[in-house]
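Participant: the following block contains a protein sequence and its predicted model.
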Amino acid sequence: MSHDLNLILIADGQADDQWQSSNDGLTQLANGMADIYTVDFSGGNVALTSAQFRSAMTFVPSGLSATRILTLPAVKRALFIVNNTDAADTINVTKGSTTIAVGPGEIGLLTTDGTTNDLGGTVVHAGGGSVSPIGKHTLWVPAGAMTARTSNGAAAGSVETTTNKVMLKTLDFDASADEHAQFSILMPKSWDEGTVTFKPVWSHAATATNFGVAWFCQGLALSNDDAADSAFGTAQSSVDTGGTTNDIYVGPESSAITIGGTPAEGDLVVFQIYRDVSDAGDTMAIDARLHGVHLYLTTNAATDA
């Protein structure tokens, strides 16, 4: 029983000492549901054994003098709690490649199915504060917040609809040559410094046939004292098809975008979006009007404090 509390059971036909097996199993169950286990970080990072992980519901630190890693074993727990009572340092709860940061004074309500990278849950502020789910979040970046590149930049545009006079601010990307625009985000501390994805929101004017547009996005992370003139990471695409004049289209979510440079906490990340007119999916012979992008990122902490 490697993925549960591994309780002592009464064997078939067992007669003698049944009370002892039953009491031992009930004791294990009580510990696993209600006990508190103190994790000693005074020697550095800690990897819990299966027996230690099964022995309690709640895990609290001692000797935490810096950010430490708490590595979990291959044991299934529907719910366990990491109560970081430390006032200054973070516990990074880790299962394989997945990490959830439980900051000073925070409580992690966590779960794992025991497989290599499975770890999920929520981090809350001790004392009844707000809850911030950890995971995938979106940022909306409108075209008006973007800067057209000096070389091969998209043109600023606006559209007023005919009947109701709705004004739409756009960046217009030509059909005959690749054009570019950029925007910068000082990434939140809670960002996991991993990959991101995007969805373009766009429209087009009147045209008779061929409505395909290939949007691409790439990123570059800049830390303190990094050279700004550095290479972007590999771009990923969102290829979409329009068809109706002035309708709003939302492209499919892109594949994961690996950010160029060496992403670190609190980085300024420059994103570049462009239309690749040589892509096989780009068939529209007029400007593609970009209204903005949904940028999706993953967080691994409850706050940006």
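Facilitator: Sure, I can see it. Numbers count the residues shown, from 1 in each chain.
Participant: for stretch 125-141, measure first residue to last.
Facilitator: 29 Å (C-alpha to C-alpha, to the nearest Å).
Participant: on the C-terminal side of the worst-scoring helix or strand of the chain on mean pLDDT, identify the next helix or strand.
Facilitator: For the chain, counting by mean pLDDT, DSSP states H and E, helix 18-34 ranks last in confidence among helices and strands (a mean of 55). With elements assigned by DSSP states H and E, the helix or strand that comes after helix 18-34 is strand 36-40.
Participant: list the strands paired with that following strand, with their directions.
Facilitator: strand 58-62 (parallel) (DSSP bridges).
Participant: state the next helix or strand along the chain beyond the strand it pairs with.
Facilitator: Trace forward from strand 58-62 with DSSP H and E and the next one is strand 68-71.
Participant: check which element follows that next one along the chain.
Facilitator: Assigned by DSSP H and E, the successor of strand 68-71 is strand 77-83.
Participant: can you list the strands that that following strand pairs with?
Facilitator: Strand 77-83 is paired, per DSSP bridges, with strand 58-62 (parallel), strand 106-112 (antiparallel).
Participant: redo those as TSV? Include mean neighbour count.
Facilitator: Every residue, glycine included, has its C-beta placed from N, CA and C. Shown next, in TSV, are the strands paired with strand 77-83 (neighbours: other C-beta atoms under 10 Å):
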stretch	mean neighbour count
strand 58-62	18
strand 106-112	21
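Participant: nearest to Ala148, of these?
Facilitator: strand 106-112 (41.9 Å; C-beta to C-beta).
Participant: identify the residues contacting that closest one?
Facilitator: 72, 75-84, 91, 93, 95, 100, 102, 118-126, 302-303 (C-beta atoms under 8 Å, 6 or more residues apart in numbering).
Participant: surely Ala148 and Gly157 touch.
Facilitator: No - judged on C-beta atoms under 8 Å, Ala148 makes no contact with Gly157 at a distance of 10.5 Å.
Participant: next, show the common contact partners of the two.
Facilitator: Residues touching both Ala148 and Gly157 by C-beta under 8 Å, 6+ apart: Leu171.
Participant: show me where the stretch 201-305 of the chain has its strands.
Facilitator: In the stretch 201-305 of the chain, the strands defined using DSSP state E, counting those that start in this stretch lie at 212-222, 236-241, 249-250, 268-275, 288-298.
Participant: and Asp282, which of these is closest to it?
Facilitator: When the strands of the stretch 201-305 of the chain are ranked by proximity to Asp282 (C-beta to C-beta), strand 212-222 comes first, at 3.9 Å.
Participant: who are the packing partners of the closest one?
Facilitator: Where contact means 3 or more C-beta pairs under 8 Å, 6 or more residues apart in numbering; DSSP states H and E, strand 212-222 is packed against strand 197-204, strand 236-241, strand 268-275, strand 288-298.
Participant: how far does that strand sit from its chain's centre?
Facilitator: Relative to the chain's own centre, strand 212-222 is displaced by 18 Å; criterion: C-alpha atoms, centre = their mean, to the nearest Å.
Participant: what's the answer for stretch 251-259, then?
Facilitator: 13 Å.
Participant: please name the nearest non-neighbouring residue to Ile36.
Facilitator: Leaving aside its chain neighbours, Ile36 sits nearest to Thr58 (4.7 Å; criterion: C-beta to C-beta, 6 or more residues apart in numbering).
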